[in-house]
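S.K.: Everything below, folded, please.
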Amino acid sequence: MSTQQALTPASELAKKNGVRFPNESDDYRHARDALLTEEIELRRHIERVAQQRRELPPGGVLPKDYDFMGESGPVKFSELFMGHPSLVVYSYMFGPQRKRPCPMCTSLLSAWDGEAEDVMQRVALAVVARSPIERLVAFKKERGWRHLKLYSDVSGDYTRDYVSAEDADEPAFNVFTRHDSSMRHFWSGEMGMATADPGQDPRGAPDLMPLWTILDSTPEGRGTDWYPELSYSKP
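M.R.: A predicted model of the protein is given here:
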């Protein structure tokens, strides 16, 4: 969306909505239309941020062509692009010191598994963790993931450069580009504890997890004391 394009004021678009539901009050409709105005503005702001992201100058060249262990054997970082000019890499909190993987990461990746084939029509997508590949594959089968491609950062070189210099078991969301033989870092999610607002967990915007997007549309919201688990007891 061009910044020079003249847009109809959000409040005017909201007035054109025309939606009504059975037995709603005038107070409800007034408040809902005011909220719709803000939702339209939010959509526009998301697009402005996305455009600003796309217009970033070239990022740094990768220090090396990192080595990973994939589900079919050794693989170089350059091979993760799989013919695409862009590569999305999610660093999964499932290091060798963990008995079980991070439930939050797992919830996110479970949602992504259903979208992976669609995503990979446009860009490459890889999930990297520090545990041995055998351990990652075993959990992938347990969870029933079908489409995500998992890789083990055996040496930790990639993790130390793009996730944590201390090789900590932390999540990360990185995007890389490749043009000819040049691989560059494009963008990384940099919103964490230092940028969190009071009373909120650190998170990026938009939130990568469909779980929270759904819960944010309910009266209960995401809450402050509930997080996903790896499994739930059945009634």
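
S.K.: Residue 130 versus the residue most central in space within the chain, what's the distance?
M.R.: For the chain, the residue nearest the mean C-alpha position is residue 208 (3.5 Å; C-alpha atoms, centre = their mean). Per C-beta to C-beta, to the nearest Å, residue 208 is found 20 Å from residue 130. For the C-beta atoms, the positions are set from N, CA and C on the backbone; glycine is no exception.

S.K.: Relative to the whole chain's centre, how far out is the longest helix along the chain?
M.R.: Longest helix in the chain, counting residues (DSSP state H): helix 26-54. Helix 26-54 has its C-alpha centroid displaced from the chain centroid by 21 Å (C-alpha atoms, centre = their mean, to the nearest Å).

S.K.: start at 718 instead
M.R.: All right, first residue 718 from here; so that's helix 743-771.

S.K.: Can you list the helices and strands that it packs against?
M.R.: If contacts are counted by 3 or more C-beta pairs under 8 Å, 6 or more residues apart in numbering; DSSP states H and E, helix 743-771 sits against helix 727-732.

S.K.: now the helix it packs on: how far from the chain's centre is it?
M.R.: Using C-alpha atoms, centre = their mean, the offset of helix 727-732 from its chain centre is 31 Å.

S.K.: What are the buried residues along it?
M.R.: 727, 731 (16 or more other C-beta atoms under 10 Å).

S.K.: which other helices and strands contact that helix?
M.R.: Packing partners of helix 727-732 (3+ C-beta pairs under 8 Å, 6+ apart): helix 743-771.

S.K.: Could I get the buried residue list for the helix it packs on?
M.R.: Neighbour-count burial for helix 743-771, with 16+ other C-beta under 10 Å as criterion, is recorded at 749, 753-754, 757.

S.K.: Quick one: mean pLDDT for that helix?
M.R.: For helix 743-771, mean pLDDT rounds to 95.

S.K.: so after that helix, what's the next helix or strand?
M.R.: strand 784-787 (DSSP states H and E).

S.K.: Can I get the next helix or strand after that following strand as CSV, trimmed to CA atoms?
M.R.: Downstream of strand 784-787, the first helix or strand assigned by DSSP H and E is strand 790-793. C-alpha atoms of strand 790-793 as CSV (Å, rounded to 0.1, in the frame of the first residue of the first chain):
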residue,chain,number,x,y,z
GLY,A,790,21.4,-36.5,6.4
PRO,A,791,23.9,-33.5,6.5
VAL,A,792,22.7,-30.3,4.8
LYS,A,793,24.2,-26.9,4.3
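
S.K.: Partner strands of strand 790-793 and their direction?
M.R.: strand 784-787 (antiparallel) (DSSP bridges).
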